[in-house]
Each structure stands twice: as structure tokens, then as C-alpha cells.
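Enquirer: how would this look folded up:
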Amino acid sequence: MNNYKQVLLNLPLILLTVILISCNASQELKEGTYTSTEKSVDLSIRLYGGNKYKVLMEGETVVEGIYEIKDNRLIITDKKGSHACLDNPTATYRWKIKDNEVTLMAISDECSGRKAALTSQSFIME
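Expert: Okay, here's the model as predicted:
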């Protein structure tokens, strides 16, 4: 009976811990496809194995590169593609996730086109 009371007394703390872990896990960028919430543009970002990414516009790949997630930062480096920023290939972003909607905010990006495309809209993971 004493163990039962101890568990009941600790239940709120256990539940709070589970909730915080769940919230924290949902705040991570994961492999998958993120599609723009902007209906006038068919834009997607696909993060996949080997820390690679693609940007697709109207279903066509327009940028390919590599990414790294480090200290809650998304570091991307364009490697090729018709819309790749080869003069300033590397950029760093932070993200915010709310209700499965991802918003990117530039920390450093010298490519104005990429920066505008990634920060002017939100993305939903498919």
C-alpha cells in the first residue's frame, strides 16, 4: 500500500515529464517532405537519408544539397540545381514548430532569393 501511495504522489511529476518529452520531441526537424502552406506556390523541401535535401517547385527538383542539424539550427549547403545559390551556398536557419507547421527564420543567409522563399511562408510535414 505504501508503494501505491508513493506512485500516486509522484503521478503529476511523471505526467509532466512525459508531456515535456513529447513536446520537445515534436519540435525537432525530421526526415520527410515539408510542403508550403502558401497555396499559390507548389514548393516542398525534402530532407532525406545521408543528410541530403531537395527543394521541389511545381514537382521539379530545383535545388539539391546537404544539411546538418546542430544546436537547434538547420545548416544547409546548396550543391546544384537551377535555383541553387552557388555563390553563397551555405545558410543557417532556426525553426519553430507549432501545430505541425514549421516556420524557418534566417540566422545567416547571403542568398536573398533562398532566404525569401524559405522565410516568407510556413511548411507542413506530409
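Enquirer: ok, residue 45 - contacts?
Expert: Residue 45 is in contact with 33, 34, 53, 54, 55, 56, 118, 123, counting by Cβ atoms under 8 Å, 6 or more residues apart in numbering. Yep, even glycine has a C-beta here, placed from its N, CA and C like the rest.
Enquirer: can you pull the buried residues of stretch 78-95?
Expert: Buried residues in stretch 78-95, counted by 16 or more other Cβ atoms under 10 Å: 78, 81, 84, 85, 89, 90, 91, 93, 95.
Enquirer: Ok, stretch 118-126 next?
Expert: Residues 118, 121, 122, 123, 125 are the ones in stretch 118-126 that count as buried (16+ other Cβ under 10 Å).
Enquirer: Could you list which of the residues you listed belong to helices?
Expert: Counting by DSSP state H, the part of the buried residues of stretch 118-126 found in helices is residue 118.
Enquirer: Closest one of the buried residues of stretch 118-126 to residue 99?
Expert: The closest of these to residue 99 turns out to be residue 122 (Cβ to Cβ; 10.1 Å).
Enquirer: List phi and psi for the residue lying closest to residue 85 once chain neighbours are set aside.
Expert: Leaving aside its sequence neighbours, residue 85 sits nearest to residue 111 (Cβ to Cβ, 6 or more residues apart in numbering; 3.4 Å). In this entry, residue 111 is assigned phi and psi values of phi -100, psi 100 (degrees, to the nearest 10).
Enquirer: Could you do the one 4 residues further on as well?
Expert: With angles defined as degrees, to the nearest 10, residue 115 sits at phi -60, psi -40.
Enquirer: Report the contact partners of it.
Expert: Residues near residue 115 by Cβ under 8 Å, 6+ apart: 91, 106, 109.
Enquirer: From one end of stretch 39-55 to the other, what's the distance?
Expert: In stretch 39-55, first residue to last residue: 16 Å (Cα to Cα, to the nearest Å).
Enquirer: ignore the last one, stretch 77-96
Expert: Using Cα to Cα, the end-to-end distance of stretch 77-96 comes out at 20 Å.
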